[in-house]
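Engineer: Need coordinates for the following:
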Amino acid sequence: MKGRTLNITKTFTFDSAHHLNNYSGKCKNIHGHTYKLEVTVKGPVAENGLVIDFHDLNDIVEKNVLSYVDHKYLNDLFEFNPTCENLGLWIWDELLPEIAKEGCCLEKIVLWETPTSYITINREDTL
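Structural biologist: Numbers count the residues shown, from 1 in each chain. Presented below is the predicted three-dimensional model:
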């Protein structure tokens, strides 16, 4: 199995509040979401049979994303309008160098704002 390349995915949740600027709908008011974040990493299967240890991936996401946004008011944290799209791009930029340090590629993230609404960022979208 060693030498083959695989994708692995880990799912996370976090709770945050925000309001949307320059928006005329009901989301212009402060409200919250339980976000679901799927992080997909691509890399070679190592001698030990792993692409990356799920525990290590968990630690990277916790340290670089979740500890910053969980149970926070996003408008106080960011200078950008905290839409799902902008939040996803920020998450991508935070995780990209950390995943690379592990010898893997950040392949995709999916950020669910509600059970029926999400954004997807694929590696080829960012090249």
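Engineer: what is the mean pLDDT for stretch 11-24?
Structural biologist: For stretch 11-24, the mean pLDDT works out to 96.
Engineer: Other residues contacting stretch 81-97?
Structural biologist: Residues outside stretch 81-97 that contact it (C-beta atoms under 8 Å, 6 or more residues apart in numbering): 18, 20-22, 35, 37, 39, 60-61, 64-65, 68-69, 74-75, 78, 80, 106, 109, 111, 113, 117-119, 121, 126. (Each C-beta comes from the backbone N, C-alpha and C, glycine too.)
Engineer: Just the buried ones from the residues you listed?
Structural biologist: 18, 20, 35, 37, 39, 60-61, 64-65, 68-69, 74-75, 106, 109, 111, 113, 118-119, 121 (16 or more other C-beta atoms under 10 Å).
Engineer: circling back: helices - which of the contacts of stretch 81-97 land there?
Structural biologist: Counting by DSSP state H, the part of these found in helices is I60, V61, Y68, V69, L74, N75.
Engineer: got those residues as JSON lines, with pLDDT and distance to P44 columns?
Structural biologist: Shown next, in JSON lines, are the ones in helices among the contacts of stretch 81-97 (pLDDT from 0 to 100; distance: C-beta to C-beta, whole Å):
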{"residue": "I60", "pLDDT": "98", "distance to P44": "18"}
{"residue": "V61", "pLDDT": "98", "distance to P44": "21"}
{"residue": "Y68", "pLDDT": "97", "distance to P44": "30"}
{"residue": "V69", "pLDDT": "98", "distance to P44": "31"}
{"residue": "L74", "pLDDT": "98", "distance to P44": "36"}
{"residue": "N75", "pLDDT": "98", "distance to P44": "41"}
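Engineer: For those, which two are the farthest from each other?
Structural biologist: I60 and N75 (25.5 Å; C-beta to C-beta).
Engineer: Strand partners (parallel or antiparallel) of the host helix or strand of K10?
Structural biologist: If you go by DSSP states H and E, K10 is part of strand 5-18. Note on strand 5-18: by DSSP bridges, its sheet partners are strand 31-44 (antiparallel), strand 72-73 (parallel).
Engineer: Thanks again, I'm all set now.
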